[in-house]
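Peer 1: quick one, what's the 3D model for this:
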Amino acid sequence: MNYSMVPLNEPPARQPTATGWAAVGQLALRFGAGAGLVCGLWLLFLYFTGNEPFSPKQIMGLLTVPFAAAASQWRLRRTVAPARPGIGRSLGVGAATVLLAAALAAGSTWGLAEALGDKALAYSRAELQEITRVQQKLRPKEKRNARFEQQELAQAAALSTADLARGTFTWTLLLGMLGALPAGIFLRK
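Peer 2: Predicted coordinates for the structure are as follows:
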C-alpha cells in the first residue's frame, strides 16, 4: 500500500500570498471594507437602541478606522516578511484603508439619513442647534459676535443629508490618518 503522507518532521507548505503592491490593494480592501462596515453597523446600533445616530456618539464607531489602518499595515509587514514593506507601501496601505473606510462610512450615513427621512433629520437639526447654543454660551463675552453666532445657528438649521455624509467622511479621514501615519512610519521596517 502506498500512502501519500507528509513526513512529520517537515513543516506544511506555505500557501502563496500576494506580495508588494498586490498585497497593498488586497489588505486595503479587506481592512477598509471591514472598518467601513463596522461604522455602518454602529449607526444602525445607535438607531435601534433609541439613540440619535447622527450625534457625536457616531464618532465612537469611527474610532475603529485608525485601528483598522494600523492592523492593515501590520498585516502587510507580516505578509512581505522577511522583506520590509518600506515607507511607501506601509503608508499606502494605511491611506487606502482609511479612504475606503471613510467612503463606506459616509455612504452608510447618507443612506441611513435618506432612509429615515425628514423627521429624523429635523430632530438632528434641533439637536445640533441646541449643541451650538450651549457652545455659544460657553464662549467668553469678549469673543462673542452676534452676527457669527447667527450664522452658526443658520448653518445648523440648514443641515442636510449631504452635510452629514460630508462630515462623516471628513472626521473618518482625519481620525484614520491620525492613526495611519504614525503606524505606517513605525511599521515600515
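Peer 1: isn't residue 164 up against residue 124?
Peer 2: Yes: applying C-beta atoms under 8 Å, one finds residue 164 in contact with residue 124, separated by 7.3 Å. C-betas here are computed from N, CA, C, even on glycine.
Peer 1: what residue is smack in the middle of the chain?
Peer 2: Nearest to the mean C-alpha position of the chain, by C-alpha atoms, centre = their mean, lies residue 65 at 3.7 Å.
Peer 1: circling back to that earlier point, find residues that contact each of residue 164 and residue 124.
Peer 2: 54, 113 (C-beta atoms under 8 Å, 6 or more residues apart in numbering).
Peer 1: how much space separates the residue nearest to the centre of the chain from residue 118?
Peer 2: 29 Å (C-beta to C-beta, to the nearest Å).
Peer 1: skip the chain neighbours and tell me the closest residue to the residue nearest to the centre of the chain.
Peer 2: Nearest non-adjacent residue to residue 65, counting by C-beta to C-beta, 6 or more residues apart in numbering: residue 176, 4.0 Å away.
Peer 1: equivalent analysis for residue 177, please.
Peer 2: Per C-beta to C-beta, 6+ apart, closest to residue 177 is residue 98, 5.8 Å.
Peer 1: in contact with that neighbour, which residues?
Peer 2: 32, 65-66, 69, 172-173, 176-177, 180.
Peer 1: now for the residues you listed: which two are most distant?
Peer 2: 32 and 177 (13.0 Å; C-beta to C-beta).
Peer 1: who's more crowded, these two?
Peer 2: Just comparing residue 32 and residue 177: by other C-beta atoms under 10 Å the higher neighbour count belongs to residue 32, 27 against 20.
Peer 1: with adjacent residues omitted, what lies nearest to the more buried one?
Peer 2: That would be residue 100: by C-beta to C-beta, 6+ apart, it lies 2.9 Å from residue 32.
Peer 1: element containing that neighbour?
Peer 2: Using DSSP states H and E, residue 100 maps to helix 86-116.
Peer 1: immediately after that helix, which helix or strand?
Peer 2: Heading C-terminal from helix 86-116 (DSSP H and E), you reach helix 118-138.
Peer 1: and that next one, how far out from the chain's middle?
Peer 2: 24 Å (C-alpha atoms, centre = their mean, to the nearest Å).
Peer 1: tell me the helix or strand right after that helix.
Peer 2: helix 146-157.
Peer 1: quick one: average pLDDT of that following helix?
Peer 2: In this model, helix 146-157 carries a mean pLDDT of 86.
Peer 1: tell me the buried residues in it?
Peer 2: Residues of helix 146-157 classed as buried: 149, 152, 156 (neighbour count, 16 or more other C-beta atoms under 10 Å).
Peer 1: elements contacting it?
Peer 2: Helix 146-157 sits against helix 118-138, with contacts defined as 3 or more C-beta pairs under 8 Å, 6 or more residues apart in numbering; DSSP states H and E.
Peer 1: sounds good, over and out.
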